[in-house]
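Trainee: Sharing a model that was predicted from the sequence below.
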Protein chains: 2
Amino acid sequence: MAVKPARTVKPTRLEMEILDALWKLGSGSIREIQESMPEDRRPEYTTVQTIVYRLEEKNAVRRTRKIGNAHIFKPLVSRQAALGALIDDFLGAIGGGTAPLMAHLVESGRIKAADLKELERLLRERGSK
Amino acid sequence: MAVKPARTVKPTRLEMEILDALWKLGSGSIREIQESMPEDRRPEYTTVQTIVYRLEEKNAVRRTRKIGNAHIFKPLVSRQAALGALIDDFLGAIGGGTAPLMAHLVESGRIKAADLKELERLLRERGSK
DNA sequence: TGACATCTACTACATGTGTAGTAGTAATTA
DNA sequence: TAATTACTACTACACATGTAGTAGATGTCA
């Protein structure tokens, strides 16, 4: 019987960084995850371990096999899904849908005309696909 | 001497709800803040009090005067600023600038063509002002 | 096979956040 | 003014998150 699919995993900041590593690796051991993280913010081995264990409890990753005595983990959630959960939560936190957020991004100059052009292109592409 | 302006206040979810109340009220007592919050998620009086005190420590609000024995609080940060801090933090958390975020919003269908049109209008208006 | 390296499974602990209770004081009212 | 009410200043506490240490098991190499 398959493990419960963990519909809504909302990773914390650190969990996200570790998932980023895993998404890049495809799968890997704690050691591999840790060493693949950017040097400037690479936690201690056991810190990575703790977070991976927590992700495991949340059904965001799973052990697939062993190499030597090391467990190999692989992600059970996609970056898409995680990002979606984070975005939804964030939208809730700032109280509003995408509209207020976007408006703010534009108002505060965080988004420029060129960006919008690019997005429209993306949208057209998506629509016609 | 003026109090340190608290450049970067990044309110938590609950703090944001309380600030929302204060922004609407302009200023008010704990009681007024509490009672102006939406019934469905209105914390106990002392909970609001605790959060207001914490906002005070963060220099996000300040006591202005007393009415009876009740302190009147007013916000020291604008919604704009708070939102900006939240957005910057969020962008950091998901690892990326606005581009990946927007892209995701479009890809996941959270943004539609009409929204983009509206934003362009906003942007033009802003640019020509 | 014995020493050394590596991993795992646990435990620990500070800080942040949500949530609220309590004791005591100040204001209001009968 | 005595009783009641409202507020303030503190304290408390659970859960989440970042961060890491330790003990013991397992694997590897000389």
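Mentor: Cool, got the structure.
Trainee: I figured A:V61 was touching A:P75, is that so?
Mentor: Yes: counting by Cβ atoms under 8 Å, A:V61 does reach A:P75; the two are 5.4 Å apart. For every residue, glycine as well, the C-beta is placed using N, CA and C.
Trainee: Tell me where chain A is predicted with low confidence.
Mentor: Within chain A, the segments meeting pLDDT under 70 span A:1-7, A:128-129.
Trainee: what are the ranges of the strands in it?
Mentor: A:61-67, A:70-75 (DSSP state E).
Trainee: between A:V61 and A:P75, what contacts are shared?
Mentor: A:19, A:22 (Cβ atoms under 8 Å, 6 or more residues apart in numbering or on different chains).
Trainee: Who has more neighbours out of the two?
Mentor: A:V61 (26 against 22; other Cβ atoms under 10 Å in any protein chain shown).
Trainee: which ones are touching A:E120?
Mentor: B:113, B:116.
Trainee: Packed most tightly, which of the strands of chain A would that be?
Mentor: Greatest average neighbour count among those goes to strand A:70-75 (a mean of 18), per mean count of other Cβ atoms under 10 Å in any protein chain shown.
Trainee: Within range of chain B, give me the residues from chain A.
Mentor: A:13, A:16-17, A:20, A:80, A:83-84, A:86-87, A:90, A:92-95, A:98-99, A:101-108, A:110-113, A:115-116, A:118-120, A:122-123, A:126-127 (Cβ under 8 Å from any Cβ of the partner chain).
Trainee: Please flag which of the residues you listed sit within helices.
Mentor: If you go by DSSP state H, the residues of chain A next to chain B have A:13, A:16-17, A:20, A:80, A:83-84, A:86-87, A:90, A:92-93, A:98-99, A:101-107, A:113, A:115-116, A:118-120, A:122-123, A:126-127 in helices.
Trainee: I'd like to know which of the residues you listed are buried.
Mentor: A:16-17, A:20, A:83-84, A:86-87, A:90, A:93, A:98, A:101-106, A:115-116, A:119-120, A:122-123 (16 or more other Cβ atoms under 10 Å in any protein chain shown).
Trainee: out of those, which touch DNA strand C?
Mentor: Applying Cβ under 7 Å from any atom of the strand, the subset of those adjacent to DNA strand C is empty.
Trainee: picking up where we left off before, B:V52 is nearest to which of the strands of chain A?
Mentor: Closest approach to B:V52 among the strands of chain A (Cβ to Cβ): strand A:61-67, 39.8 Å.
Trainee: wouldn't A:D89 be in contact with A:K10 here?
Mentor: Yes: counting by Cβ under 8 Å, A:K10 is a contact partner of A:D89 at 5.4 Å.
Trainee: Name the residues of stretch A:22-29 that are buried.
Mentor: A:22, A:25, A:27-29.
Trainee: So which of the strands of chain A is nearest DNA strand C?
Mentor: strand A:70-75 (3.6 Å; Cβ to the nearest atom of the strand).
Trainee: show me the contacts for A:A21.
Mentor: A:28, A:33, A:36-37.
Trainee: In helices, which of these fall?
Mentor: Counting by DSSP H, the part of the contacts of A:A21 found in helices is A:33, A:36.
Trainee: Thanks a lot, see you next time.
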